[in-house]
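A.B. asks: Below: sequence and its predicted model.
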Amino acid sequence: MGSECAICAKHQGIGPLVGPVIFENELVVVTHRPLDQGSPVPGYLFVETRRHTPTVSTLTDAEAAAIGVAVTRAAHALQQELAPEFVFSAITGRSVAHFHQHVFARPIGTPPTIPWTDVDSWPDSPRITPTELAPLCARLSTHFSRR
């Protein structure tokens with residue numbers, strides 16, 4: 001697949017979805033959401049297959065295993081670095097037909113009226129600047145070589 005897929009393009013460093021890479025290997029890529037997508041809330045990660053494949057049912061066993069490890073490490077990294085109330089993970093696959101799993105932190109103090117899927121809508125949620133994002137991603141990346 002090529003640039004017609006937004007995630008394939010992202011892996012080539014092209015397009016609006018490009019965010020800081022936290023971890024990558026031959027099967028998966030883990031990135032932080034770009035700060036211009038939604039609100040600039042720290043701790044919103046994507047775990048994606050490097051190969052263009054649309055859904056969980058089309059993953060190879062090796063990809064499924066690599067996704068599982070990457071999601072676990074991403075959740076652990078967010079827990080350690082941001083100390084959130086909770087770390088959520090979801091696979092929706094409705095907007096882009098390239099496998100991607102969301103792993104994101106719900107900050108401490110988030111009101112119960114804020115849906116689990118929408119920390120962006122909380123006006124008092126923590127925000128992160130581009131200057132702060134690079135060091136956060138560097139810290140998050142250290143959790144992928146540990147364990």
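C.D. replies: Everything's here; your move. As the structure is a prediction and not an experimental result, all values here were calculated from the model.
A.B. asks: What residue in the protein is the furthest from its centre?
C.D. replies: Distance from the centre of the chain peaks at Thr113, with 23.5 Å (C-alpha atoms, centre = their mean).
A.B. asks: so what pLDDT did that one get?
C.D. replies: pLDDT recorded at Thr113 is 94.
A.B. asks: In space, not sequence, find me the middle residue of the protein.
C.D. replies: Leu45 (1.6 Å).
A.B. asks: Distance from the helix or strand harbouring it to the middle of the chain?
C.D. replies: Secondary-structure element containing Leu45, defined by DSSP states H and E: strand 44-49. Remark: strand 44-49 is offset 3 Å from the chain centroid, using C-alpha atoms, centre = their mean, to the nearest Å.
A.B. asks: CA atoms only for the helix or strand that that strand is followed by, dumped as PDB, please.
C.D. replies: Per DSSP H and E, strand 44-49 leads on to helix 61-82 as the next helix or strand towards the C-terminus. What follows is helix 61-82, C-alpha atoms only, in PDB (Å, rounded to 0.1, in the frame of the first residue of the first chain):
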ATOM      1  CA  ASP A  61       0.400 -14.600  14.700                       C
ATOM      2  CA  ALA A  62       3.700 -12.700  14.800                       C
ATOM      3  CA  GLU A  63       1.900  -9.300  14.400                       C
ATOM      4  CA  ALA A  64      -0.700 -10.200  17.000                       C
ATOM      5  CA  ALA A  65       2.100 -11.100  19.500                       C
ATOM      6  CA  ALA A  66       4.100  -8.000  18.700                       C
ATOM      7  CA  ILE A  67       0.900  -5.800  19.100                       C
ATOM      8  CA  GLY A  68       0.200  -7.400  22.400                       C
ATOM      9  CA  VAL A  69       3.700  -6.700  23.700                       C
ATOM     10  CA  ALA A  70       3.700  -3.200  22.400                       C
ATOM     11  CA  VAL A  71       0.300  -2.400  23.900                       C
ATOM     12  CA  THR A  72       1.300  -3.800  27.300                       C
ATOM     13  CA  ARG A  73       4.600  -1.800  27.300                       C
ATOM     14  CA  ALA A  74       2.800   1.300  26.100                       C
ATOM     15  CA  ALA A  75       0.300   1.000  28.900                       C
ATOM     16  CA  HIS A  76       3.000   0.400  31.400                       C
ATOM     17  CA  ALA A  77       5.000   3.400  30.100                       C
ATOM     18  CA  LEU A  78       2.000   5.700  30.400                       C
ATOM     19  CA  GLN A  79       1.300   4.400  34.000                       C
ATOM     20  CA  GLN A  80       4.900   5.000  35.100                       C
ATOM     21  CA  GLU A  81       5.500   8.300  33.400                       C
ATOM     22  CA  LEU A  82       2.100  10.100  33.800                       C
END
